[in-house]
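[1] Following is a predicted model, sequence given first.
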Amino acid sequence: MATDVTTQDQTAADEASRNMRKEITGKVTSSKMDKSITVAVVQKQKHPKYGKFVTKTTKFHAHDEKNECGEGDTVLIMSTRPLSKTKRWRLVEIIERAK
């Protein structure tokens, strides 16, 4: 009976860690690959000395299982296990379609 409690606790811990994955919102810059998209995430950081806001852009490769994204779409991506050499993110939802 003690093993049942241990497995339940472990399952609950696994679910909690799964829900604590990072989620990022960004814009699709490329959807030319098969089942993959490139998402650009823009961050504004204040310069420590001069106080000016500096724009920093980071690109992530994400897995798009159904090839439903197009360039210019705003999407939500979530971190996941490594899927390929560069893909560490997967598409969760499309927030806004490009016009």
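    The structure has been received and is ready for your questions.

[2] which secondary structure elements does whatever helix or strand F60 lives in contact?
    Using DSSP states H and E, F60 sits within strand 53-63. Under the contact definition 3 or more CB pairs under 8 Å, 6 or more residues apart in numbering; DSSP states H and E, strand 53-63 sits against strand 23-30, strand 36-46, strand 74-79, strand 87-96. For the C-beta atoms, the positions are set from N, CA and C on the backbone; glycine is no exception.

[3] Identify each buried residue in the last one, please.
    Same thing as strand 87-96. For strand 87-96, burial by neighbour count (16 or more other CB atoms under 10 Å) applies to K87, R88, W89, R90, L91, I94.

[4] For it, which strands pair with it and how are they oriented?
    Strand pairing for strand 87-96, determined by DSSP bridges: strand 53-63 (parallel), strand 74-79 (antiparallel).

[5] chain center to the first one, what's the gap?
    Mean C-alpha position of strand 53-63 versus that of the full chain (CA atoms, centre = their mean, to the nearest Å) differs by 11 Å.

[6] And for that strand, what's in contact with it?
    When contacts are defined by CB atoms under 8 Å, 6 or more residues apart in numbering, strand 53-63 is touched by residues 24, 26, 29, 35-47, 75, 77, 80, 83-84, 86-91.
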